[in-house]
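Student: Kindly return the folded structure for what I paste below:
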Amino acid sequence: MIKLEPYVRYNGNCMEAFGFYKSVLGGEFVYVMRHKDNPEKDHPLAKEDEEKILHIALPVGDTVVLMGADTTSDMPANVGNNITLSLSIQEEEEVKRIFNGLSEGGNVTMPLQKTFWADLYGEFTDKFGINWLVSRAKGEDA
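Tutor: Numbering: from 1, shown residues only. Coordinates of the predicted model:
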């Protein structure tokens, strides 16, 4: 069995991003660790990195766990178009709720619409620079 677990790196705002994702998607964090709590002390840690997130996990639905971390100041993350998170949702109202919630404060690049491959599909970059695809498959039962 292969399980896809998207992992996103942030430059100090991981907890803010995951709090936002949790507020829209629901669920509870199953793991949160800060850099200062890392039991392996093989890498010197700058004072400004101590409270940053070393690892966080948020289950989304029954099969996906969204994971993330803050990078340390000596290795910043390059947020760009190299990661996209895709959500497939069965219920039309839930597609709209999640699309509107996660895209708030971001940039909608394709508004929710019917396409040849989906009854409802949209794309956006959220306010943290992460690209998302949200869809309801063609012919899905509500």
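Student: hey, let's count contacts and neighbours off CA atoms from now on
Tutor: Will do.
Student: show me where pLDDT drops low in the chain?
Tutor: 1-2, 4, 79-82, 140-142 (pLDDT under 70).
Student: where along it do the strands fall?
Tutor: Here the chain has its strands, by DSSP state E, at 7-10, 31-34, 53-60, 64-70, 84-88, 107-113, 118-125, 131-137.
Student: can you redo those strands as TSV with mean neighbour count?
Tutor: Supplementary listing: the strands of the chain in TSV, determined by neighbours: other CA atoms under 10 Å:
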stretch	mean neighbour count
strand 7-10	19
strand 31-34	14
strand 53-60	21
strand 64-70	21
strand 84-88	15
strand 107-113	15
strand 118-125	21
strand 131-137	22
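Student: how about these, which one is nearest Asp42?
Tutor: Closest to Asp42 of the strands of the chain, according to CA to CA: strand 53-60, at 14.3 Å.
Student: Any chance of TSV for the strands of the chain, columns distance to Glu40?
Tutor: Below are those laid out as TSV (distance: least, CA to CA, whole Å):
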stretch	distance to Glu40
strand 7-10	20
strand 31-34	12
strand 53-60	12
strand 64-70	16
strand 84-88	30
strand 107-113	39
strand 118-125	35
strand 131-137	32
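Student: To Val24, which of those lies closest?
Tutor: Per CA to CA, nearest to Val24 of those: strand 53-60, 10.4 Å.
Student: Now that closest one - C-alpha only, PDB.
Tutor: Output of strand 53-60 as PDB, limited to C-alpha atoms (Å, rounded to 0.1, in the frame of the first residue of the first chain):
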ATOM      1  CA  ILE A  53       8.000  23.900  14.000                       C
ATOM      2  CA  LEU A  54      10.300  20.900  13.400                       C
ATOM      3  CA  HIS A  55       7.300  18.700  12.400                       C
ATOM      4  CA  ILE A  56       3.500  18.900  12.400                       C
ATOM      5  CA  ALA A  57       0.900  16.500  11.100                       C
ATOM      6  CA  LEU A  58      -2.800  17.100  10.400                       C
ATOM      7  CA  PRO A  59      -5.000  14.300   9.200                       C
ATOM      8  CA  VAL A  60      -7.400  15.400   6.400                       C
END
